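Participant: Coordinates for the following, if possible.
(chains A, B and C)
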Amino acid sequence: MKKFGLLSCMLLLLAGCSDEKPQVSIYHVDDDQEEVEMLKEVFHDNMKISEASGVFFDHQLVVSLQVEPLSKFSKEKIANSIEKEVKSLFPDHEVFVSSDLKITWELKKIIEKQPTEDALKKDLDELRALAKENT
Amino acid sequence: MIFSVITAFIVGGLICVVGQLLFDVAKLTPAHTLSLLVVIGSVLDGFGLYEPFIDFAGAGATIPITSFGNSLTHGAMQEAEKHGFIGVLTGMFEVTSSGISAAIIFGVVAALIFRSKGKVS
Amino acid sequence: MDPNSYQQTVDEIAPKRPVLKNCLKAFVTGGIICSVGQLISYVYMYFFSFTERTASNPTVATMVFISMLLTGFGIYKKIGQFGGAGSAVPVTGFGNAVISAAIEHKSEGFILGVGVNMFKLAGPVIVYGTFSAFVVTLIKTILVKMGVISW
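Facilitator: Predicted coordinates:
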């Protein structure tokens, strides 16, 4: 019984500390690979982020990231530092960064759908309004 | 995702253990214990520690009564940031979780539906 | 008998509380309630348009609704006897205190019975929560205005 408890504790800890690099998925409306690569670089070696997604659209950039479970205490700080980095990389873009799980799910749905410009604009506006809700 | 459920279990459990110690060791009544926990939640939010705590523990931090203290303080601080001193009064119940309203509403509903369990000799 | 020696006698004769066992039971009970809350949170996030930040509102409301059902059918009392603080500390315990008082005092009328007694436990919690929020925010606002800290 004790051994089983010890083993499951170790497995849980290992499950929490993942050594994988962040999984990044990005969608660019105009297919600008250079900008996509620039964004990927931001997350490249950041071990605290488990996954990130981004959508480029008409000088707007919406990014959402998920933080590793054990680093979740500083989730806001990590999101703020990523926001600063992305804003300095893309100064002419309107940048929006979120670390919320729901926003990540919705953004991934948008990336899978690969919508056209008008639908994408509506989706992104709705997404940003959702993220700003307080209650 | 499973990790969040486990974290919620552990953190929620630990807060309840604190409550149990207040019951058994400090010999406080439930009313004293819950009031103390609410004040603790409020003070932690004053130091900016409760919101990251919620980010980490999810429901493990929003379900215990300590989150009431956090909501009240958080709402007050948000308004005070925008409107100065008057915000301290106006903001308090703005972001408050639905716990208090739900408890009152369902209390009345329950009084309408359920029968009292008290035995009358 | 003077108060001190009376208290001493009471302390000697009163049954010792099994603190460790109680803490374990509280841990498990509280943990289960919070895990259920986390799952309900995910349900609201997946099937409705609640974000991580806003999902706690419907979750807490749902937990209080569940505690209303458990209290009304007399089940929460048994959970309370087992779990101690594990059932009193979560918001379900708060709901149970309010709702069970409402049900019990129904016979005294809705205004004087239900209305007055609902706040026996809820009262101190709301009063001191509000007051503490006021003091904490006031201190922080003063410190910010003085320039000692920032928001």
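Participant: Just the residues contacting stretch B:47-58, thanks.
Facilitator: A:72-76, B:4, B:7-8, B:11-12, B:41, B:44-45, B:61-62, B:66-67, B:70, B:74, C:38, C:41, C:52, C:56 (C-beta atoms under 8 Å, 6 or more residues apart in numbering or on different chains). Glycine gets a C-beta too; all of them are placed from N, C-alpha and C.
Participant: Let me see the mean pLDDT of that stretch.
Facilitator: In this model, stretch B:47-58 has a mean pLDDT of 94.
Participant: cool, and stretch A:23-30?
Facilitator: Taken as a whole, stretch A:23-30 carries a mean pLDDT of 81.
Participant: returning to what we had before: now that we have the contacts of stretch B:47-58, which of them are buried?
Facilitator: Neighbour-count burial (16 or more other C-beta atoms under 10 Å in any protein chain shown) is assigned, among the contacts of stretch B:47-58, to A:72-73, A:75, B:4, B:7-8, B:11-12, B:41, B:44-45, B:61-62, B:66-67, B:70, B:74, C:38, C:41, C:52, C:56.
Participant: returning to that earlier point: inside helices: which ones of the contacts of stretch B:47-58?
Facilitator: Here DSSP state H is the test, and those give A:75-76, B:4, B:7-8, B:11-12, B:41, B:44-45, B:61-62, B:66-67, B:70, B:74, C:38, C:41, C:56 as lying in helices.
Participant: Can you tell me how far the residue in chain C that chain A sits nearest to is from residue A:131?
Facilitator: For chain C, the nearest residue to chain A under the criterion C-beta to the nearest C-beta is residue C:51, separated by 4.2 Å. Residue C:51 sits 7 Å away from residue A:131, going by C-beta to C-beta, to the nearest Å.
Participant: Now the common contact residues for these two.
Facilitator: Shared between the contact lists of residue C:51 and residue A:131 (criterion: C-beta under 8 Å, 6+ apart) are residues A:100, A:103.
Participant: Just give me the residue closest to the centre of the chain.
Facilitator: Let's take chain A. The C-alpha lying nearest the average C-alpha coordinate of chain A belongs to residue A:65 (C-alpha atoms, centre = their mean; 2.1 Å).
Participant: other chain: chain C
Facilitator: Here the mean C-alpha position of chain C is nearest to the C-alpha of residue C:94 (C-alpha atoms, centre = their mean), at a distance of 3.5 Å.
Participant: And what about it, helix, strand or coil?
Facilitator: Classification of residue C:94 into helix, strand or coil gives helix, according to DSSP: H, G, I helix; E, B strand; the rest coil.
Participant: how about it, what does it touch?
Facilitator: Listed by C-beta under 8 Å, 6+ apart, the contact set of residue C:94 reads B:34, B:65, B:68, B:99, B:103, C:64, C:121-122, C:125.
Participant: domains for chain C, by residue range?
Facilitator: C:3-117, C:120-151 (automatic domain parsing).
Participant: Backbone dihedrals for residue A:98, please?
Facilitator: Backbone torsions for residue A:98, taken as degrees, to the nearest 10, come to phi -140, psi 150.
Participant: where does chain C come near chain A, residue by residue?
Facilitator: Near chain A, the residues belonging to chain C are C:45-46, C:49-55, C:57 when assessed by C-beta under 8 Å from any C-beta of the partner chain.
Participant: what's the closest of the residues you listed to residue C:149?
Facilitator: The shortest gap between residue C:149 and any of the residues of chain C next to chain A belongs to residue C:53, at 24.0 Å (C-beta to C-beta).
Participant: sorry, back to before: just the buried ones from the residues of chain C next to chain A, in PyMOL syntax?
Facilitator: Those of the residues of chain C next to chain A that meet the burial criterion (16+ other C-beta under 10 Å) are gathered into one PyMOL selection, given here:
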select buried, chain C and resi 45+50+51+52+53+54+55+57
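Participant: In strands only, show me the residues of chain C next to chain A.
Facilitator: Residues from the residues of chain C next to chain A lying in strands, with DSSP state E as the criterion: none.
Participant: Include distance to chain B and pLDDT when you put the residues of chain C next to chain A into TSV, please.
Facilitator: Compiled in TSV, the residues of chain C next to chain A are given as follows (distance: C-beta to the nearest C-beta, whole Å; pLDDT from 0 to 100):
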residue	distance to chain B	pLDDT
C:45	10	94
C:46	10	93
C:49	17	89
C:50	12	92
C:51	13	92
C:52	8	90
C:53	9	87
C:54	10	91
C:55	9	92
C:57	5	92
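Participant: Just the CA trace of stretch C:101-120, in CSV.
Facilitator: Only the C-alpha atoms of stretch C:101-120 are listed here, as CSV (Å, rounded to 0.1, in the frame of the first residue of the first chain):
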residue,chain,number,x,y,z
ALA,C,101,-31.5,27.4,9.5
ALA,C,102,-34.1,28.6,7.0
ILE,C,103,-35.8,25.2,6.9
GLU,C,104,-35.7,24.6,10.7
HIS,C,105,-37.2,28.0,11.5
LYS,C,106,-39.9,27.9,8.9
SER,C,107,-42.5,27.2,11.6
GLU,C,108,-41.8,30.6,13.2
GLY,C,109,-42.9,32.4,10.0
PHE,C,110,-41.0,33.7,7.0
ILE,C,111,-40.1,37.1,8.4
LEU,C,112,-39.2,36.3,12.0
GLY,C,113,-38.3,32.7,11.6
VAL,C,114,-36.6,32.2,8.2
GLY,C,115,-35.4,35.8,7.7
VAL,C,116,-33.9,36.3,11.2
ASN,C,117,-32.3,32.9,11.7
MET,C,118,-30.7,32.5,8.2
PHE,C,119,-28.0,34.9,9.2
LYS,C,120,-26.9,33.2,12.5
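Participant: right, is that stretch up against chain B?
Facilitator: Yes: for stretch C:101-120, a contact with chain B is found by C-beta under 8 Å from any C-beta, at C:101-104, C:106-107, C:110, C:114, C:118, C:120.
Participant: Identify the residues contacting the residue nearest to the centre of chain A.
Facilitator: A:22, A:43, A:49, A:51-53, A:78-79, A:82, A:97-99, A:104.
Participant: Emit the ChimeraX select command for whichever of these are buried.
Facilitator: Typed into ChimeraX, the next command selects the buried ones out of the contacts of residue A:65 (criterion: 16+ other C-beta under 10 Å):
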select /A:22,43,49,51,52,53,78,79,82,97,98,99,104
